[in-house]
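>>> got a predicted model here, sequence first, then my questions.
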Amino acid sequence: MSECCLIQFAKRPIAGLVKTRLIPELGAARALDVHEALLRKTLNVLLESDFGPVELWWDAHWDDADAMQRFLIATVEPSHMAQARKLMIRYQEGADLGERMSHALEEGLRQSQKTLLVGSDCPVITPDYLRQAMMALDRSDVVLGPAEDGGYVLIGARNITSLSLCGMAWGVETVLQATIERLGDAGLSHQLLPVSWDVDDYSDYLRWRQEEERSHSRVD
């Protein structure tokens with residue numbers, strides 16, 4: 001059994017079905033580019049961390065397995081290709097996001113002492129943020145990475161016995177608080193990581209662009 005399993009949730013990259021809140025300003029094709037860039041960034045951070053097996057969980061099956069393979073080859077940075085050869089592809093199961101997350105965490109904990117689950121919308125997750133989450137699980141059953149919008153960018157667990165995330169309202173500013181209440185109902189302890197943010201709407205996108213430009217200028 002490994003110490004930690006790293007799970008990334010992602011939507012299949014299909015124009016018009018991803019980053020839909022960006023489409024009014026950017027159009028469907030550019031919104032797809034943004035989705036793929038965020039997915040790529042997160043996956044490479046998980047591979048770079050090298051904390052344990054990495055699993056990419058799609059929201060739906062690909063019609064063409066070869067197309068998925070080509071997408072992944074183009075997505076993984078050459079320096080992470082060795083880790084990517086062990087990348088496991090899985091598919092989300094459940095009636096809503098909460099049920100899908102609960103199922104993925106349960107599956108991760110079957111093979112690892114701890115499991116961290118992230119989406120594909122947070123461009124500022126780093127290996128150090130993941131390390132903080134792993135360390136928090138030495139002391140708590142569950143760790144959450146709060147987002148500025150009231151949701152969270154990461155959930156990790158070493159024990160989710162009796163926890164149910166089904167039937168919750170998602171995409172609202174009370175998601176984090178509602179999850180904490182569910183943890184309390186299940187008798188599970190938790191810790192919070194530093195607040196982060198994700199790219200949901202156009203203002204988030206502009207913020208990300210600005211931070212990327214500042215980062216590149218510092219490198220230059």
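Now that the structure is in, tell me what you want to look at. Residues are numbered from 1 along each chain as shown.
>>> may I have the phi/psi pair for N159?
Dihedral angles of N159 (phi, psi; degrees, to the nearest 10) stand at phi -160, psi 120.
>>> wait, doesn't it sit right on D141?
Yes. Counting by C-beta atoms under 8 Å, N159 does reach D141; the two are 4.4 Å apart. For glycine as for every other residue, the C-beta is placed from the backbone atoms N, C-alpha and C.
>>> find residues that contact each of the two.
L188 (C-beta atoms under 8 Å, 6 or more residues apart in numbering).
>>> A helix includes T115, no?
No. Counting by DSSP: H, G, I helix; E, B strand; the rest coil, one finds T115 to be strand, located in no helix.
>>> can you count the residues close to it?
As a burial measure, T115 scores 26 neighbours (other C-beta atoms under 10 Å).
>>> and the next helix or strand past the longest strand along the chain?
Counting by DSSP state E, the longest strand found in the chain is strand 2-10. Downstream of strand 2-10, the first helix or strand assigned by DSSP states H and E is helix 23-26.
>>> for that following helix, buried residues please.
I23, L26 (16 or more other C-beta atoms under 10 Å).
>>> and whichever helix or strand comes after it with strand 2-10, angle?
Per DSSP H and E, the first helix or strand lying C-terminal to helix 23-26 is helix 28-49. Here helix 28-49 runs at an angle of 180 degrees relative to strand 2-10 (axes from the mean of the first three to the mean of the last three C-alpha atoms, to 10 degrees).
>>> who are the packing partners of helix 28-49?
With contacts defined as 3 or more C-beta pairs under 8 Å, 6 or more residues apart in numbering; DSSP states H and E, helix 28-49 has these neighbours: strand 2-10, strand 54-58, helix 65-75, helix 81-84, helix 127-136.
>>> circling back: what mean pLDDT does the longest strand of the chain get?
Averaging the model's pLDDT scores along strand 2-10 yields 95.
>>> quick one: strands adjacent to it?
strand 54-58 (parallel), strand 112-118 (parallel) (DSSP bridges).
>>> what is the burial count for R158?
R158 has 21 nearby residues by other C-beta under 10 Å.
>>> then N44?
N44: 17 neighbours (other C-beta under 10 Å).
>>> centre of the chain to the longest strand of the chain, how far?
9 Å (C-alpha atoms, centre = their mean, to the nearest Å).
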